[in-house]
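Novice: sequence and predicted structure, then a few things I'm wondering about:
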Amino acid sequence: MLALAVPVVMVACSAENEAENQSSETDPGTSLLTTTTRPSPTAREIYDLVAPSVAFLETDVSTGSAVLTDDGWVVTNAHVVWPRDSVRLVFADGEEHEDVPVQRIDDYLDLALLGPIESERRGIPLLESIDVATADEVYLIGYPAESEDFPTPSITRGLVARLRRWEATGFDFIQSDTAIAGGQSGGALVAADGTVIGISGLTFSDAGFALSLPIDAVTEAVADLVIGASPQPFADSINIAPQVREAEIRLSHTWDEEAFVFEGADEPTSLTLAGGSEPFLTVLDTFGEMIYPAADEEPEITADGRVFTFDTGGFGPVYAYVTDVSVDATIVVTSDQAFSHVIDKDDARLLRIGSTTEGSFGIPGDYDWFAIELNAGEAITVDVDSLGDVELLIDTADAESIPLAEDFDSGGGLFDTNPEVEFTADQAGVYVIVIYEAFAEAPAGYVLTVE
């Protein structure tokens, strides 16, 4: 679902028109109906009003769209900027900003706050309320699938198909049939009167409906992000340790894993795992695609341990996950390339019945696990709410086989893909609750509830 940032393969000046000259004092995002006697602005007038405030966003791994606010901040989707801490911004008239910092993210709502930037252009007001209903005409302005260094924003038109309520937040996502494509995440959804009413970022169903976060929700989230209150800073659920070439890890159960970040070398990387029962390595790229193993790849068994060799092609970062089939395994990890150990602060937290816990999948392929102690015959219901497609399982801490219970999408949520499990312990002991994304995208925040 979060598939609107496209890999990098990549402005013309906006045309002037009579309506723009007549409305020179109008702020982008405010209603054109307040400054013109026409019954309704044209698509061209709406484009000329809003497009100058919508930026093309580029990192070395993705492109997307972003909206300049009226106080100099820039708002986009978190999945567009991840995993970089700075971006390049270009506006329609060619104004360029290099190394704009990613200040904070809300990975639950999939928002990122960039900047602030210094610019003479008008920004878009962040409204505290909007008036939108099914069948309203809307426009989507952004930069879909751009390959140019200085592209021109695109505009598409459609109707509000419906408002999709996300009960966990109390917000109504705006579902529209405006054409949307990779690179349009972070673009502006605009009402027929020229008011910016949402930030695009998601697709829904095979029909490709665009889902936009309403601007009042954006306003509330940005207010928290600006003051640094909540949610947490970028990648706050993990700590990246300094680079080393050797580390010792302990895996406490079958579902446990430890992750390492490699920046990407021009030559193949060799990694050795010594200890444990049968340690294994999985390597994912920035987009969650598997680099290692391929179908015919096997580790080399040596006196020093199991040796895994993978090729990043100089592209990074990549994420190496170490697992083991045994319980309570101690493994020494060594490599001919420097790596950073990922310390996941979500793992190993103790849950209690009646608790609600927030967390984040900080990197692609991240598994988060929690412990809960249950009596024999004690029943619990566990559910996870997230914009990501999360999967959930429950097992004993000493299991070495298939999980005792698991679920993928019976818990509802915005996309009807939240997992929910009803589980009764057949014996007293410690159980583990494990959650992960069905598609290894990041970042994605979640709320886990145990009742």
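Specialist: Received it, and whenever you're ready, just let me know what you need. On a predicted model such as this, the values are computed, not experimentally measured, just so you know.

Novice: phi, psi of the residue nearest to Met290 when sequence neighbours are not counted?
Specialist: Setting aside the residues directly before and after it, Met290 is nearest to Leu284 in space (C-beta to C-beta, 6 or more residues apart in numbering), at 5.8 Å. In short, each C-beta sits where N, CA and C put it, glycine included. For Leu284, the backbone dihedrals (degrees, to the nearest 10) come out as phi -120, psi 150.

Novice: what bridges to Leu284?
Specialist: Beta-bridge partners for Leu284, by DSSP bridges, are Met290, Tyr319.

Novice: pretty sure it contacts Ile291?
Specialist: Yes. Leu284 is within contact range of Ile291, at 6.5 Å (criterion: C-beta atoms under 8 Å).

Novice: which of these two has more neighbours?
Specialist: Leu284 (22 against 19; other C-beta atoms under 10 Å).

Novice: separation between that one and Tyr321?
Specialist: 7 Å (C-beta to C-beta, to the nearest Å).

Novice: where do the contact lists of those two overlap?
Specialist: Gly365 (C-beta atoms under 8 Å, 6 or more residues apart in numbering).

Novice: mind listing what's buried in the one helix or strand Val100 maps to?
Specialist: Per DSSP states H and E: Val100 is located in strand 96-106. Using 16 or more other C-beta atoms under 10 Å as the test for burial, strand 96-106 gives 97, 100, 102-106.

Novice: next one: stretch 58-70
Specialist: 58-59, 61-69.

Novice: lowest-confidence entry in the residues you listed?
Specialist: Lowest in pLDDT among the buried residues of stretch 58-70 is Val61, which has 82.

Novice: for the strand or helix carrying Ala371, packing partners?
Specialist: Counting by DSSP H and E, the element that carries Ala371 is strand 367-374. Other helices and strands packing on strand 367-374, by 3 or more C-beta pairs under 8 Å, 6 or more residues apart in numbering; DSSP states H and E, are strand 349-351, strand 356-361, strand 429-437.

Novice: now the closest residue to Ser252 other than its chain neighbours: phi and psi?
Specialist: With C-beta to C-beta, 6+ apart as the criterion, Ser252 has its nearest non-adjacent residue at 5.9 Å, and that residue is Asp328. The phi/psi pair for Asp328 (degrees, to the nearest 10) reads phi 60, psi 70.

Novice: show me where the stretch 301-450 of the chain has its strands.
Specialist: 305-310, 318-323, 329-344, 349-351, 356-361, 367-374, 379-386, 390-396, 405-407, 420-424, 429-437, 444-450 (DSSP state E, counting those that start in this stretch).

Novice: now the helices for the stretch 151-300 of the chain?
Specialist: Ranges of helices in the stretch 151-300 of the chain, per DSSP state H, counting those that start in this stretch, are 215-227.

Novice: need the strands for it, in chain order.
Specialist: Under DSSP E, counting those that start in this stretch, the stretch 151-300 of the chain gives strands at 154-166, 171-176, 188-191, 196-204, 209-214, 238-251, 258-262, 269-275, 280-284, 290-292, 300-302.

Novice: tell me the buried residues in the longest one?
Specialist: Neighbour counts using 16+ other C-beta under 10 Å place 238, 240, 247, 249, 251 of strand 238-251 among the buried residues.

Novice: each with direction, which strands does that strand pair with?
Specialist: If you go by DSSP bridges, strand 238-251 pairs up with strand 329-344 (antiparallel).

Novice: again with the fifth one
Specialist: Each strand paired with strand 209-214, and its direction, by DSSP bridges: strand 171-176 (antiparallel), strand 196-204 (antiparallel).

Novice: circling back to that earlier point, quick one: the strand holding Ala371 to chain centroid distance?
Specialist: How far strand 367-374 lies from its chain's middle: 23 Å, per C-alpha atoms, centre = their mean, to the nearest Å.

Novice: still on that earlier bit, switch the strands of the stretch 301-450 of the chain over to JSON lines; also include distance to Val74, mean neighbour count and mean pLDDT.
Specialist: Output for those, formatted as JSON lines (distance: least, C-beta to C-beta, whole Å; neighbours: other C-beta atoms under 10 Å; pLDDT from 0 to 100):
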{"stretch": "strand 305-310", "distance to Val74": "36", "mean neighbour count": "19", "mean pLDDT": "95"}
{"stretch": "strand 318-323", "distance to Val74": "27", "mean neighbour count": "22", "mean pLDDT": "94"}
{"stretch": "strand 329-344", "distance to Val74": "28", "mean neighbour count": "18", "mean pLDDT": "94"}
{"stretch": "strand 349-351", "distance to Val74": "34", "mean neighbour count": "16", "mean pLDDT": "95"}
{"stretch": "strand 356-361", "distance to Val74": "22", "mean neighbour count": "20", "mean pLDDT": "90"}
{"stretch": "strand 367-374", "distance to Val74": "30", "mean neighbour count": "20", "mean pLDDT": "95"}
{"stretch": "strand 379-386", "distance to Val74": "25", "mean neighbour count": "20", "mean pLDDT": "96"}
{"stretch": "strand 390-396", "distance to Val74": "29", "mean neighbour count": "22", "mean pLDDT": "94"}
{"stretch": "strand 405-407", "distance to Val74": "38", "mean neighbour count": "17", "mean pLDDT": "95"}
{"stretch": "strand 420-424", "distance to Val74": "37", "mean neighbour count": "17", "mean pLDDT": "96"}
{"stretch": "strand 429-437", "distance to Val74": "27", "mean neighbour count": "20", "mean pLDDT": "94"}
{"stretch": "strand 444-450", "distance to Val74": "21", "mean neighbour count": "21", "mean pLDDT": "92"}
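
Novice: so of the strands paired with strand 209-214, which one's packed in deepest?
Specialist: strand 196-204 (a mean of 26; mean count of other C-beta atoms under 10 Å).

Novice: hang on, the earlier thing: nearest to Gly194, out of the strands of the stretch 301-450 of the chain?
Specialist: With C-beta to C-beta as the criterion, Gly194 lies closest to strand 444-450 of the strands of the stretch 301-450 of the chain, at 32.2 Å.

Novice: which residues are contacting the closest one?
Specialist: 2, 79, 106-110, 168, 231, 351-361, 370, 372, 380-388, 390, 433, 435, 437.
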